[in-house]
Structure formats: structure tokens, C-alpha cells
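Undergrad: Below are the sequence and a predicted model for it; my questions follow.
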2 protein chains.
Amino acid sequence: MVVEFIEEYYKNIEKYPVQSQVQPGFLSSKLPKTPPYYPEPLEDILKDVTDTIIPGLTHWQSPNFFAYFQANVSNAGFLGEMLCSGFNVVGFNWISSPAATELESLVMDWMGKLLKLPSSFLFSGTGGGVLHGSTCEAIVCTLAAARDKALQTIGWDKITKLIIYASDQTHSTLFKGARLIGIPSSNIRNLPTSFSTGFSLSPQILSDTIDNDIKFGFYPLFLCATVGTTACGAVDPIKELAEIAKGYNLWFHIDAAYAGSACICPEFRHYLDGVESADSLSMNPHKWLLTNMDCCCLWIKRPNLLVDSLSSEAEFLKNAVSESKAIIDYKDWQIALSRRFKALKLWIVIRRHGLANLMYHIRSDISLAKRFESFVRNDKRFEIVVPRKFALVCFRLKPRNGTNDGRELNTQLLAAVNQSGRAFLTHGLAGGYFIRCAIGSTLTEERHVDELWKLIQETAQTVSC
Amino acid sequence: MVVEFIEEYYKNIEKYPVQSQVQPGFLSSKLPKTPPYYPEPLEDILKDVTDTIIPGLTHWQSPNFFAYFQANVSNAGFLGEMLCSGFNVVGFNWISSPAATELESLVMDWMGKLLKLPSSFLFSGTGGGVLHGSTCEAIVCTLAAARDKALQTIGWDKITKLIIYASDQTHSTLFKGARLIGIPSSNIRNLPTSFSTGFSLSPQILSDTIDNDIKFGFYPLFLCATVGTTACGAVDPIKELAEIAKGYNLWFHIDAAYAGSACICPEFRHYLDGVESADSLSMNPHKWLLTNMDCCCLWIKRPNLLVDSLSSEAEFLKNAVSESKAIIDYKDWQIALSRRFKALKLWIVIRRHGLANLMYHIRSDISLAKRFESFVRNDKRFEIVVPRKFALVCFRLKPRNGTNDGRELNTQLLAAVNQSGRAFLTHGLAGGYFIRCAIGSTLTEERHVDELWKLIQETAQTVSC
């Protein structure tokens, strides 16, 4: 019944307004405020899902969803989730389900090979990888490993002197993660970027800032570079940043949450050049690689540093195999003790598609983005704000002659497009305000991009005059 | 095909050795080390799952699984996971899927009402709740909220002076969480418990320790009490501890991960008496309340403190509704930005069972545990080590006359039982070494408990003579 229900949902998905149009508090008037004493039939529950939940969804799987970054799905990913939920094993240590641990190690090496990572990040080499639920979790864990390694030498009371570096385009998750592990907000260096460098982190600004911090008695700890920033898809210069990180003995993390997936294609792999000098790297197959939520890959060169920070000793978890150190206990590679068997999902996604089809998937999204970009370029009222690298197009209505009303105009345009229910986009800031068109929902085809552009053109007439 | 595959798995589940009997490294010889270039048929993948993955699973859903705590499943939970994965919405803020946010708030109030929590923890009152993936995440977030509130007054450099209190029976997750948020390990007070108090935290020892810490210039920050400890199911005295926490202005968290579920039954609710004085409470429906992984409930009296610590400001997330503060953006109540629509699952579990059947489920597990306990009591070779409160029975073979070989004997017994493949149990430490029989897997019936006891009796003959 639920399989058919989901099938029906996908059949109708284009009929729903992409961004939910309900008002705050809509649900409380429609569903009982107290739990039932007696069981209810599934039919009643599914009716409520249809009548109440679906109207309150913003449809991430709609082919007209162009907001945030996409959250790809696939049959393979869905089946993987079903198996994961069906087995419902909790593989916190090796003995609690050896296959969960060993398949995860295997699939992390597979994914690493798809990205042509150096063997220093793979189990078949000298490193290793783990599946987390989110980039934030991956960053919290690497930050903690870096912090503990540093404080072991200089003493825990220096925690207030540790400094984190990243560009002002870096995902807010880094700043949240740094604060979470006890580093004061004032120690987070949000370095300015500009149009001239495509909003990527300037090595010169970075090294100047580090020098200044050292002069004032701080301890430079951690550098986060991004491959495909959220606002505009910028790529930080990995190679040059790696040099600086090495020179100052910083932990160097690469956040490739979005654009990491594109790097499975040879023509995009160069964005990861220099990765061999990083300490850790994360990317999210749950964004652009057909893997249903949640799935974030983290590779690390020295897994022992992660384990030093995150291991826990509990009597009930002790067992001979763990003590032999011949195996991995993934509980020591993550925040939580418990964990789902997510590796099954990523393994099935890779097998069902093969590298060939995964590359096809990335390339067809990028070709749709190029198509949209050319529409923008061919309409004199509009402009591309930041050069496109992947499948994210940053554009805006040009301000009217002699005015500075770009933000006003584009806010209006965006709101009108979203309120139409026919598409959902968001905005970004890099230099100025612009509209983000993030192409890559699993079901998006040429006709959806064409219709989106028609909608934007029509709507622009109502706001710009 | 996958639905049938899972059906087949459950049909055969009793045939598999409960604890996987594979050797470390078993998988790497059976599966290719490199990802495929071309897609593979689902049939081949499912064949590999049957031939390679299933033998490497420790079968948490086997009715003969008595280890750790159970990870309950149900059809309702599974269907909830299917819908969650089918919609695949990412409800990090209200507009990204209003129904995901509002259903979560509703179901947190439902669950709170099932536990008869005071309105100070409910949205319909003055508090609120959120679904996390694990207790560790819930504890990290509350610890961070407590830390930030304290450091705002006394200055961030005092982070090394903050002290965390809990009993030596408290789950290791607290200590891991405290270290993660930047509190040195030496500031975590692991207070001794003993048989005389049923291994619960002694209010006297707690207040003496706090007084001593204050004398030495430390800042008492956080007290964690447990309702149903992992090793032996002990319950800390909530009311008395709450008094102390209040007196010293400590953040008081109750970890009811395991036994919280039992508190939906009136006869067990008294274990939560005093909860009205706590600051936060967590419990895991993914353990004992028929909810497939993962699902942890966290309630908090002052949600604004959580938001103060965990909010992130990113331009692409800004929107008019969030700025109105009329809604909840759950990204500010958790570690990660992204999140799955887990509320759907818990909502369906409660509706499909109703309070009536959820209570029946808890009571029937406890009655099985009583049955097992009486078997132990009626065999003179064995003894109950810690009085049973819920569905966890802690027992051991008595040491032989005049010897102190309890650990040796029971280690042998446990290993032999587990190696038989017919059941899987683990051990605990509280006072001395004992075997834990955690009853409560969804499929466990009377006959499995009877067979378990027969197995233990038979095996005992081979190790004790």
C-alpha cells in the first residue's frame, strides 16, 4: 500500500506548488493534539498524509525544485534505505554486525577511487573513511581531532587561543561546528573574498591573517577550503592553500559537500588537485549522487587521531576482537554510539548505476545548467553574476539605469516566482544579491528548465516596470 | 522485489547464528575492491546480500537477540521510513517543508503526553521538543546550551573550570559528549555507586563532590541522571537529585534512553517523578518503542537556550517567516543543518499501535523478563546480581565454594552461549561481572526465553565442572 502511495505521489508531483503555501500553524488545526489510545487503520493515516502532510511539504523531489542544493533520490537509494531499515542492525562496533563495518570500509574505498583520491585516504592505503549523516558532523569530528592533537602539546587552557580559518563563503556549518567544540566565535576567521578571485579564498589574505594571529599569541589550528560553495559554487585554490597549511602546521580540511560528486568526471577532477596534501575531505552523495538522505563521506589520513578524540570505553562494548585492534569500531569515528547501516545504500547506488551512469547523471545536470545560463545571457535584462562552474547558475535582473535597485528588484522577482508555485529558487550573496538556480533534482529535464526560464521572463515583466 | 526479499529474511531469521560468526576481513575476499563502470542488475546485488552481507550480520531482529538493548522494529516504523525516504524532504527550516517541522512539534507533544511530562516541556506549554538521531547528539546539544549560558557570565576562558556530574553507571556517551564540547576529561566526575543503592547515584556523594569542587575554584555545570542504566537498568533518584541541581544552579538532564519507553505505563511512571524540576530529558523510541532506527526524543524547558548555542545565520537560509520568529527552524535545535523527516515515522508508530498496544508491548516484554528471572532464581547454581526493574535481567553463575572465579566462569559461559549461534547476550559490570539478558526484541516470545534458559543451563554444565 505504501509503495503504491509513493508511486502515486511521484505521478502527481508536478501538480503540487513546489514551495508549500501553507501558513504557520496550519497543522495544529488539522490533526488531534493528543495521541490515540486505540490503534488506527493505515488507510486513515495515509489519508491524513494526503490531505494534511503533502500540502505542507516543500517538494524537494519536484523537477521544478531549483532551491538550496538538490537532495537526489533514486530507486537504488530507496531500496538501500529499505534494506537498511529492514535489517535494522546497529553496527557501532565490529561484532555488532561485521558486514556493516566491512561494507562501509569497502564502499568508502570505492567512493574514494571514483574521486581518484590518493591511497593515503583509503583503507587499501594508509587512511580510511566513514559515513556520517551530515557535513556538520564530519567537520565537528575533524575539528575535535585537530583540537585534541594541538591541546595535547600546548595544554587544554589554550583552547581559547585556537584559530579556525575559512572564507566568508564557507558554509555556516564550519562556524557552528567550531563553536560547538568550544572555540570562541571571535576565534573564527571569516576571510573576505571578492569577484576578482571568483569568491575563492585568497592565499595571501590567509597567510597575512595567520601571521597576524601568531603575532598576537594565538595558535592557528584549522583551515577549511570549499569545493563548490553554497552561495555561488566557488572553488578555493586547494594546492596553494595546502602549501600554507603545511607551512603553519594547520589541519587542512576540504569540504566538497556539493561539488565533490562532480569530481567523479575526469573533466572536473582538477578541482581536487592538491587533495594529497589535505588531512581530511568530506562530500555528500545525498546531494548530487542519487543517494537518499542521509549520506556524507568523510576520509581522513590519520584515522587514529579521530579515534583518539572520539573513542569511548564502556564495559558492555568490550570484546576480544575490538581489543585485538584488527578491526574498526566505527563508534570511534563519529559523534553518536548508534548508527544505521547506510553503507548498503551507497553500495547499491554505485552498483545499480555504475561509474558510467553516475557520470552521465552529473554531465546532464551540468548541460541543463549551461542551457539555463545561455537563456540568461541572451536576455539583455538579465546578467550572470558569478561565472558558473557546476550546475548552479547565479543570475539577476540588472538594476535599472542609474539606480541601485538590484536587491529590491530581484527580491521581488524571486518572491513572485516562488509564490506562483511553479518553481522554487533561493537567493545568495557574493558581492551583491542574486538569485540561485540550482539545477540537479533527479527528475528535472530540459522542458522544466525551459518552463522555468519562461516563468522568470514573464514574472520579470511584472516586477521591473 | 526488495519487499519480498525482506519478508524472506524475516522468515529465515531464526535459522541464522544470532551473532555473526565471520572472521575479521571476511568481506574483502568476497566483494570486488573497485567500483563497477557499468550498472549491475538488482538480482546480482541481492544475491550478494544473501551470500555475503547476511552471514556478516549480527541479527538484531532475531527473537534470540538478548544483547545490548533491543532495537525495536515494526511495520509502522518501516512504513514511516519508506515515506520519509520517498518524500526525501530536508526540513532544516520551516519553509523547506512546513509539515516536517509542524508534525515534529506535534509528535513531540504527543510523546510528551504519553510520558505525562509537565507542560513546561511541551509546545502546548512553555517548552518544546526535537527529534535527534541519538542520545549522544541530544546530550552534546544540551551540554553546549548549558556551557554557553554559563560562559556568557563567567567568560569563555573558564571553559576549563566547568564540571560535569554523573554516576559511574552513566552511559559513556556523556563523557564523550562533554569532551567533544571542550570540557577536559579531568573535569568529568564519575561518581561511585554501590549495591546498597541499586547502583543509583547517591545525592550525598554528589553534593559532597560539588562542595569540594567549588572549594577548589571550579564551576559546577551539568548533572546527568539516568532512568535505566545500560549495565544493570539502575534508576537515579530524580527528585532528590533535582533538589541538589537547583541548589547549585546546575543544568539537570535526564537520560531515559532505555527505560523512558516503559514510563508510558502508569505503573512505571513514578521513575520519572521529579522530572518537572529537570531542564531537559531524552529517550529513544528506537530502542523499546517499535520505531526503526533512528529516533531519539529530546525535550527542553527553555528551547531558546538551545537556539542560542546552535543557531547559524546563512544568507541562503534567510526568509520572511523565519525572521517573524513565529515558527521553529529545527536546524537551530540540532548539530547538523540537514535532517530527515523522522517525525512521520514516530507519528505512524503511535497511531498504528495506540497507547493501548504500546503499553501491551512494554508489559509483555517485562513479563518475559520476570519469567526469565524466575528461572534464574529457581536454579541454585545461579543468582540475580542486581534487582530487576524493567526487562533487563542481570545474573551470573555463582562462584564455586571458597573461590573468586565468578568473572572467569561467566566469561566462559557467555562466550560459549554466543558461539553456539543460538542466542546473543552481553556482559556488564556493577559491583562485579555479570551477564545481561536484555529482553525486548520485537519478535521474542515465551518459547525463545524458555529455549534461552535451556541453552544457558546446558552450557553452564560444560563450563562449571
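TA: Yep, it's here.
Undergrad: and the residue in chain A positioned nearest to chain B, which of the three is it?
TA: Nearest residue of chain A to chain B: A:G182, at 2.0 Å (CB to the nearest CB). C-beta coordinates here come from the backbone N, C-alpha and C atoms, glycine included. Per DSSP: H, G, I helix; E, B strand; the rest coil, the local secondary structure of A:G182 is coil.
Undergrad: quick one, phi/psi of it?
TA: Torsion angles at A:G182 (phi, psi; degrees, to the nearest 10) stand at phi 100, psi 10.
Undergrad: Also A:V90?
TA: Torsion angles, degrees, to the nearest 10, at A:V90: phi -120, psi 90.
Undergrad: That one and A:G182, how far apart?
TA: 29 Å (CB to CB, to the nearest Å).
Undergrad: and these two? which has more neighbours close in?
TA: Taking other CB atoms under 10 Å in any protein chain shown, A:V90 and A:G182 do not tie; A:G182 has more neighbours (28 against 25).
Undergrad: Stretch A:4-12: which residues count as buried?
TA: Judged by neighbour count (16 or more other CB atoms under 10 Å in any protein chain shown), stretch A:4-12 contains these buried residues: A:5-6, A:9.
Undergrad: any idea how far the lengthiest helix in chain A is from the chain center?
TA: The longest helix of chain A (DSSP state H) is helix A:343-377. Relative to its chain's centre, helix A:343-377 lies at 16 Å (CA atoms, centre = their mean, to the nearest Å).
Undergrad: after it comes which helix or strand?
TA: Per DSSP states H and E, helix A:343-377 leads on to strand A:382-386 as the next helix or strand towards the C-terminus.
Undergrad: quick one: buried residues of that following strand?
TA: Across strand A:382-386, burial judged by 16+ other CB under 10 Å covers A:382-383, A:385-386.
Undergrad: do stretch A:36-54 as well
TA: A:36, A:39, A:42, A:45-46, A:48-49, A:52-54.
Undergrad: Quick one: end-to-end length of that stretch, please.
TA: 22 Å (CA to CA, to the nearest Å).
Undergrad: do that stretch and chain B meet at all?
TA: Yes: Stretch A:36-54 comes into contact with chain B (CB under 8 Å from any CB of the partner chain), by way of A:36-40, A:42, A:44-45, A:49, A:52-54.
Undergrad: then the worst-scoring helix or strand of chain A on mean pLDDT to PDB, C-alphas only?
TA: Between all helices and strands in chain A, the lowest mean by mean pLDDT, DSSP states H and E belongs to helix A:320-324, at a mean of 83. The C-alpha trace of helix A:320-324 is given here as PDB (Å, rounded to 0.1, in the frame of the first residue of the first chain):
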ATOM      1  CA  ALA A 320      38.100  -9.700  22.200                       C
ATOM      2  CA  VAL A 321      38.000  -8.600  18.500                       C
ATOM      3  CA  SER A 322      38.000  -4.900  19.400                       C
ATOM      4  CA  GLU A 323      40.900  -5.500  21.800                       C
ATOM      5  CA  SER A 324      42.900  -7.100  19.000                       C
END
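Undergrad: quick one on the thing from earlier: run the angle between the longest helix of chain A and strand A:382-386 for me.
TA: 130 degrees (axes from the mean of the first three to the mean of the last three CA atoms, to 10 degrees).
Undergrad: Helix A:343-377 packs against which elements?
TA: helix A:75-87, helix A:98-114, helix A:285-288, strand A:382-386, strand A:392-397, helix A:446-463, helix B:42-48 (3 or more CB pairs under 8 Å, 6 or more residues apart in numbering or on different chains; DSSP states H and E).
Undergrad: tell me which residues of it are tucked away?
TA: A:343-355, A:357-359, A:361-362, A:364-366, A:368-369, A:372-373, A:375-376.
Undergrad: List the buried residues of the least confident helix or strand of chain A.
TA: For helix A:320-324, burial by neighbour count (16+ other CB under 10 Å) applies to A:S322.
Undergrad: Same check on stretch A:263-282?
TA: A:263-265, A:268, A:271-272, A:274-275, A:277-282.
Undergrad: And for stretch A:306-320?
TA: A:306-307, A:309-310, A:312, A:314, A:316-317, A:319.
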